[in-house]
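Q: The following block contains a protein sequence and its predicted model.
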Amino acid sequence: MNNDSTTNTLRKLEEQYWQAIKDHDTTAIVNLTHEPTVVTGAQGVGSLTKAQMKEMMEKQAQWTLTDFKLKDVQVNMLGPDTGIVAYTVHEELTVEGKPVRFDAADASVWVRSNGKWACALHTESVLGDPFGRDRGKG
């Protein structure tokens, strides 16, 4: 079901989303975000409206994305208007004034409505031991 044109579109949109975060371009972030959007990661699960996403991106001061590289990008179309983009990403950030680098496995679900694609779900897992043994005892 993968159409090369749609596959390339979703790859480019995922890259645009990351670039918008790096550039602090909240307008682009909001335009690429489905309402609501679900975000999962180390901090848990959240559902955000476009207004909440905008506010979160404008007020976040603890970290800045300084560079990123998407690798091993895979796109799986679930239908003509729904696709999954999965990949690994190398991230370089400044967190509370200090450089941080790590690799993660990410996935996004993109949906098309009225001819426009938007990210409806994004999830990130920092790469490492699948049982968390590299993160200490908990």
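A: Ah, there it is. Numbers count the residues shown, from 1 in each chain.
Q: Kindly export the helix-or-strand element of the chain with minimal mean pLDDT (C-alpha atoms) in PDB.
A: Lowest mean confidence among the helices and strands of the chain (mean pLDDT, DSSP states H and E): helix 50-59, at a mean of 87. In PDB, the C-alpha atoms belonging to helix 50-59 read as follows (Å, rounded to 0.1, in the frame of the first residue of the first chain):
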ATOM      1  CA  LYS A  50      -2.700  22.900  19.400                       C
ATOM      2  CA  ALA A  51      -2.900  25.800  21.900                       C
ATOM      3  CA  GLN A  52      -1.200  23.600  24.600                       C
ATOM      4  CA  MET A  53       1.500  22.500  22.100                       C
ATOM      5  CA  LYS A  54       2.200  26.200  21.200                       C
ATOM      6  CA  GLU A  55       2.400  27.200  24.800                       C
ATOM      7  CA  MET A  56       4.600  24.300  25.700                       C
ATOM      8  CA  MET A  57       7.000  25.100  22.900                       C
ATOM      9  CA  GLU A  58       7.100  28.800  23.600                       C
ATOM     10  CA  LYS A  59       7.600  28.400  27.400                       C
END
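Q: Just the buried positions in it, please.
A: For helix 50-59, a neighbour-count test (16 or more other C-beta atoms under 10 Å) marks K50, M53, K54, M57 as buried. Placement of C-beta: from N, CA and C, glycine included.
Q: I21: what secondary structure?
A: helix (DSSP: H, G, I helix; E, B strand; the rest coil).
Q: residues touching it, list them.
A: I29, M57, L65 (C-beta atoms under 8 Å, 6 or more residues apart in numbering).
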